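Participant: only geometry, no sequence info:
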């Protein structure tokens, strides 16, 4: 009986703890500042076409290992079509890969006593993801 009561209390506290956690933030971008968009975040057909072109260009750049340029294209696509989860997901993944690459290069620079170069890499990582 004692174990049942204890397990019931633990389950209740676990549920309360999970419910008290703030929701995870989702990457949200403001709507694209275009004249062609009619209402709020509803992109026009022209914006959707531009977003698709930017995304395709970003995929090609990513495949050729030009992550900085790919990130810019994914950012454009996500701003033109802010409700497209594929664009937002690839943008976030590319950003995290860029942050990781900057951190790796910064750590390598520290090991080689290149403190200024390491600081620049860490600054670039922080610029891309200031909340991390």
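Facilitator: Great, that's in hand. What you see is a predicted model, and the numbers here were worked out from it, not measured in a lab.

Participant: any idea of the pLDDT on the closest residue to residue 128 other than its chain neighbours?
Facilitator: Nearest residue to residue 128 in three dimensions, chain neighbours excluded: residue 99, at 5.1 Å (Cβ to Cβ, 6 or more residues apart in numbering). C-beta: built from backbone N, CA, C; applies to glycine. You'll see residue 99 listed with a pLDDT of 95.

Participant: burial of residue 99, as a residue count?
Facilitator: Residue 99 has 17 neighbours, counted by other Cβ atoms under 10 Å.

Participant: state the distance from it to residue 106.
Facilitator: 10 Å (Cβ to Cβ, to the nearest Å).

Participant: anything in contact with each of those two?
Facilitator: Residues touching both residue 99 and residue 106 (Cβ atoms under 8 Å, 6 or more residues apart in numbering): residue 125.

Participant: helices or strands up against the biggest helix by length in the chain?
Facilitator: Longest helix in the chain by number of residues (criterion: DSSP state H): helix 85-111. In terms of contacts (3 or more Cβ pairs under 8 Å, 6 or more residues apart in numbering; DSSP states H and E), helix 85-111 is packed against helix 45-63, helix 67-80, helix 115-128.

Participant: I'd say residue 78 and residue 87 touch.
Facilitator: Yes - taking contacts as Cβ atoms under 8 Å, residue 78 lies within contact range of residue 87: 4.3 Å.

Participant: overlap in contacts of those two?
Facilitator: Common neighbours of residue 78 and residue 87 (Cβ under 8 Å, 6+ apart) are residue 51.

Participant: give me the buried positions along stretch 71-85.
Facilitator: Burial within stretch 71-85, assessed by neighbour count using 16 or more other Cβ atoms under 10 Å, is assigned to 71-82, 84.

Participant: make that stretch 42-59, sorry
Facilitator: Buried residues in stretch 42-59 (16+ other Cβ under 10 Å): 43, 47, 50-51, 54-55, 57-58.

Participant: could those go into a markdown table alongside pLDDT?
Facilitator: Output for the buried residues of stretch 42-59, formatted as a markdown table (pLDDT from 0 to 100):
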| residue | pLDDT |
| --- | --- |
| 43 | 84 |
| 47 | 91 |
| 50 | 95 |
| 51 | 94 |
| 54 | 95 |
| 55 | 95 |
| 57 | 96 |
| 58 | 95 |
